[in-house]
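# coords please:
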Amino acid sequence: MSKEFKTIDEYIELFSEEVGKKLQALCHVIKEEVPDAEETVSYKMPTFKRNGSYVVYFAAHKNYISLYPTSPNMEKVKGISKYKKRQGTLQFPLDQPLPLPLIRQVVRLMAIENTRRTEKKGLTRSD
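A predicted model of the protein is given here:
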């Protein structure tokens with residue numbers, strides 16, 4: 001991606017309406033599962049962080065949308081092998097509907113992992 005963007009909304013606006021709708025649906029699921037996550041950009045990708053640590057990254061490509069969850073427990077998510085490509089990457093083809101229930105499970109798992117990481121490092125916020 002050669003164009004600069006500073007927010008997730010600006011990133012989504014770089015794509016066609018069809019891809020944009022899928023990215024918005026993906027963001028909606030992430031926000032529902034991790035409502036206290038901060039939207040940011042990291043490694044030139046839209047990123048959701050909580051307590052200063054990432055929850056999940058995503059990116060749109062020519063033929064698919066990638067989600068970058070990193071969890072040793074990811075294999076427990078039923079149906080994930082269909083989308084898993086490289087270590088830590090899930091690819092959802094643009095010519096197919098997004099598997100939102102599966103994405104929801106992945107994001108939920110990543111939120112748990114985020115909590116574990118931040119508690120281990122003593123980074124959790126107490127309100």
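# what comes up buried for the worst-scoring helix or strand of the chain on mean pLDDT?
The least trusted helix or strand in the chain, going by mean pLDDT, DSSP states H and E, turns out to be helix 100-121, with a mean of 89. If you call a residue buried by 16 or more other CB atoms under 10 Å, then helix 100-121 has these buried ones: 102-103, 105-107, 109-111, 113-115, 117-118. The C-beta positions use only the backbone N, C-alpha and C, and glycine is treated the same way.
# tell me which two of the residues you listed sit farthest apart.
Greatest spatial distance in the buried residues of helix 100-121: Leu102 and Thr118, 24.7 Å, computed using CB to CB.
# how close does the residue nearest to Val34 when sequence neighbours are not counted get to Leu14?
In space, not counting the residues next to it along the chain, Val34 is nearest to Ala111; the distance is 4.8 Å by CB to CB, 6 or more residues apart in numbering. Distance, Ala111 to Leu14, by CB to CB, to the nearest Å: 27 Å.
# same question, Asp36
27 Å.
# which one of the two has more residues nearby?
Ranked by neighbour count (other CB atoms under 10 Å), Asp36 and Leu14 place Leu14 first, with 15 against 12.
# please enumerate the helices of this protein.
8-13, 17-33, 100-121 (DSSP state H).
# what packs against the first one?
In other words, helix 8-13. helix 17-33, strand 38-42, strand 45-50 (3 or more CB pairs under 8 Å, 6 or more residues apart in numbering; DSSP states H and E).
# dump those to CSV, plus mean neighbour count, distance to Pro93 and mean pLDDT.
Below are the helices and strands packed on helix 8-13 laid out as CSV (neighbours: other CB atoms under 10 Å; distance: least, CB to CB, whole Å; pLDDT from 0 to 100):
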stretch, mean neighbour count, distance to Pro93, mean pLDDT
helix 17-33, 16, 10, 97
strand 38-42, 14, 24, 94
strand 45-50, 21, 19, 94
